[in-house]
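>>> sequence below, structure please.
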Amino acid sequence: MNQDTMKQRAAEAALDYVEDGLIGVGTGSTVNHFIDLLATIKERIDGVVSSSEASTARLNEHGIPVLDLNIAGELALYVDGADESNHQLQLIKGGGGALTREKIVAAASRRFVCIADESKLVERLGRFPLPVEVIPMARSYVARELVNLGGTPVWREGFVTDNGNLILDVRDLEIREPIGLEQEINAIAGVVTVGLFTRRGADVLILGGPDGTRTLTAN
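A predicted model of the protein is given here:
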């Protein structure tokens with residue numbers, strides 16, 4: 001079975017968590033499946049807060065109202081994907097470059113349901129390069145600081161986030177204490193945010209696989 005089918009299975013299972021009212025949606029290939037499925041029940045929701053311009057465009061194509069988070073307030077549900085998750089449901093996100101808005105919408109939501117194919121579950125975070133969004137003038141400085149932490153930062157050239165910033169993808173990091181590392185990187189001057197979602201990880205992880213889906217919940 002191909003990976004895309006497994007992603008779709010996870011997205012289908014996430015529909016069971018949708019309640020009436022407002023929800024948040026993330027960004028990426030798995031979330032695209034969820035948005036397409038959400039269109040089939042759009043009459044049940046009042047609108048969606050989107051984490052990226054790409055997701056907003058897809059929602060608009062389906063005629064699903066997109067609201068500003070400042071107007072929407074607290075959300076009951078946020079559905080998004082991940083590049084990696086450990087068994088504590090701590091995540092690496094940001095492969096699509098939307099990590100800052102994703103982190104904001106996740107923080108504003110009572111429940112975070114993460115959807116992914118089963119390959120995204122790992123014993124230790126860090127195989128996937130860790131995205132860090134940075135203010136443009138701070139790119140070189142932040143890169144040097146990330147080297148001091150043991151990483152190998154690579155500028156994602158030709159890419160600008162929806163916020164007008166840059167991405168450094170950090171390889172070779174030993175992520176033994178994800179919560180501490182998230183705090184340490186976020187404290188570097190010029191960092192907007194890091195793609196570690198540990199202080200606000202997922203509440204539910206739905207993994208699509210060849211035999212269906214399985215669900216993990218945070219302890």
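>>> longest strand of the chain?
strand 109-117 (DSSP state E).
>>> run the chain-centre distance for that one.
9 Å (C-alpha atoms, centre = their mean, to the nearest Å).
>>> tell me which residues in that strand are buried?
Buried residues in strand 109-117, counting neighbours by 16 or more other C-beta atoms under 10 Å, are found at 109, 111, 112, 113, 114, 115, 116, 117. In this view, the C-beta of every residue, glycine as well, is placed from N, C-alpha and C.
>>> can you show me the strands along the protein?
Counting by DSSP E, the strands of the chain are 21-25, 45-50, 75-80, 84-85, 91-92, 109-117, 130-134, 152-155, 166-171, 191-194, 196-197, 204-209, 212-217.
>>> which of the ones you listed is buried the deepest?
Looking across the strands of the chain with neighbours counted as mean count of other C-beta atoms under 10 Å, the highest average goes to strand 196-197: a mean of 30.
>>> so can I have JSON lines of the buried residues of strand 109-117 showing distance to residue 11?
Output for these, formatted as JSON lines (distance: C-beta to C-beta, whole Å):
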{"residue": "109", "distance to residue 11": "17"}
{"residue": "111", "distance to residue 11": "16"}
{"residue": "112", "distance to residue 11": "15"}
{"residue": "113", "distance to residue 11": "10"}
{"residue": "114", "distance to residue 11": "11"}
{"residue": "115", "distance to residue 11": "5"}
{"residue": "116", "distance to residue 11": "10"}
{"residue": "117", "distance to residue 11": "10"}
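>>> quick one: which two of those are the most distant?
Greatest spacing in those, by C-beta to C-beta: 109 and 117 (22.4 Å).
>>> hmm, back to that, for residue 179, which of the strands of the chain is the nearest?
With C-beta to C-beta as the criterion, residue 179 lies closest to strand 196-197 of the strands of the chain, at 8.2 Å.
>>> pull up the pairing partners for the closest one, direction included.
According to DSSP bridges, strand 196-197 forms sheet pairs with strand 91-92 (antiparallel).
>>> average pLDDT across the partner strand?
What strand 91-92 shows for mean pLDDT is 98.
>>> other residues contacting it?
Strand 91-92 is contacted by residues 82-85, 114, 125-126, 128, 130-131, 195-198, 201-202 when judged by C-beta atoms under 8 Å, 6 or more residues apart in numbering.
>>> is it true that residue 101 touches residue 51?
Yes: here residue 101 reaches residue 51: they are 4.3 Å apart, a contact under C-beta atoms under 8 Å.
>>> out of those two, which sits in the more crowded spot?
Using other C-beta atoms under 10 Å as the criterion, residue 101 and residue 51 rank with residue 51 on top: 29 against 24.
>>> ok, now how distant is the more buried one from residue 148?
Distance of residue 51 to residue 148, given as C-beta to C-beta, to the nearest Å: 30 Å.
>>> backbone dihedrals for the residue nearest in space to the middle of the chain, please?
Nearest to the mean C-alpha position of the chain, by C-alpha atoms, centre = their mean, lies residue 93 at 4.5 Å. Phi and psi for residue 93, reported as degrees, to the nearest 10, are phi -130, psi 160.
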